[in-house]
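S.K.: from the sequence below, what's the structure:
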Amino acid sequence: MTGRSLKRRAGMLASLAALAACASPTPKLYTIAPIDGPTRAGGPGVVVLQTIVVARYLERLQIVGSSENYRLEVMPFDWWGEPLPAMLARILNEELSQRLLRTTVLNENGAVTSTPDATIALNIRRLDLNSAGSLVLQAQAEVTFKGRPEPVLRSFRFVVAPQGAGVPSEVAAISAAVGQLADGLASMLFAGRATK
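M.R.: Numbers count the residues shown, from 1 in each chain. Next up, the predicted model:
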C-alpha cells in the first residue's frame, strides 16, 4: 500500500470516527424539583440528614424506568444531573427547611456542621415505575432524637401517577413523591419534638 493510499485510508477512518461521534446522542440531564408542603413551627432546632442510601440498582447516572417483571429498564440517554443520593439529600434538605420553620437542616457531608437535636437516616428501596405506569417510592426512615435511646422507625410507600408519558413526566412524578416523603419526615420530626 502506497503512502498516498495510507493517508487516504487514515483520512477516511478519521471521517468515519467523526461521523460516529456526531451520531451518538448527547444525554439529556434531569433534576428532581423541590415541592412545597405544609409548614410547622416547633420542630427540632438542628436536624442532620445523614447520607442517603439508595438501592444498588438505582446507583447509576441513567434514570431507571422500571424494575418490574424481572427486568431493569434503564434510559440510556436520560441521566440524572448528579448522583441520586446527593440530589435526594439536597432536595430533602430544602423541602424540610421549608416545612419546619424554625429548624436548621444540615446534610451530613456538608461544609457546615453543628451538634444535632435530631438525625435522619434514610434508605430508598424503590424509585421507578410499576407495571401500571405509576411511580413507586418506597423508603425506610430512622429519626434519632438527642437524649432518647430509642430511634423512631417508619416505612413509607408512595404511588404517584405521572401526568403524561416519557421521562419528563416520570421525573415530575418522582418530584411529587419525594415531596410526600418530605411531608412524612417533617411529621416524624415534629411529633418527636412535641413529645420530648
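S.K.: and the pLDDT at Ala165?
M.R.: The confidence metric pLDDT takes the value 89 at Ala165.
S.K.: following the chain onward from the helix or strand bottoming out on mean pLDDT in the chain, which element is next?
M.R.: Least confident helix or strand, the chain: helix 3-23 with a mean of 52, by mean pLDDT, DSSP states H and E. Sequence order places strand 28-30 as the next helix or strand after helix 3-23, per DSSP states H and E.
S.K.: list the buried residues of that next one.
M.R.: Of the residues in strand 28-30, Tyr30 count as buried by neighbour count, 16 or more other C-beta atoms under 10 Å. To be clear about C-beta, it is placed using only N, CA and C from the backbone, and glycine gets the same treatment.
S.K.: who are the packing partners of that strand?
M.R.: Contact analysis of strand 28-30 by 3 or more C-beta pairs under 8 Å, 6 or more residues apart in numbering; DSSP states H and E lists strand 73-80, helix 167-194 as its packing neighbours.
S.K.: of those, which approaches Arg102 most closely?
M.R.: helix 167-194 (10.3 Å; C-beta to C-beta).
S.K.: next, the angle strand 73-80 makes with the closest one.
M.R.: Calculated by axes from the mean of the first three to the mean of the last three C-alpha atoms, to 10 degrees, helix 167-194 forms an angle of 80 degrees with strand 73-80.
S.K.: state the number of residues packed around the nearest residue to Leu100 once chain neighbours are set aside.
M.R.: Distances taken as C-beta to C-beta, 6 or more residues apart in numbering place Gly43 nearest to Leu100, at 3.7 Å, with adjacent residues excluded. Per other C-beta atoms under 10 Å, the neighbour tally for Gly43 reads 26.
S.K.: so is Gly43 in a helix, a strand, or just coil?
M.R.: coil (DSSP: H, G, I helix; E, B strand; the rest coil).
S.K.: repeat that for Pro85.
M.R.: helix.
S.K.: phi, psi for the closest residue to Pro34 other than its chain neighbours please.
M.R.: Once flanking residues are discounted, Pro34 sits nearest to Glu94: 4.6 Å by C-beta to C-beta, 6+ apart. Note on Glu94: backbone dihedrals following degrees, to the nearest 10 are phi -60, psi -40.
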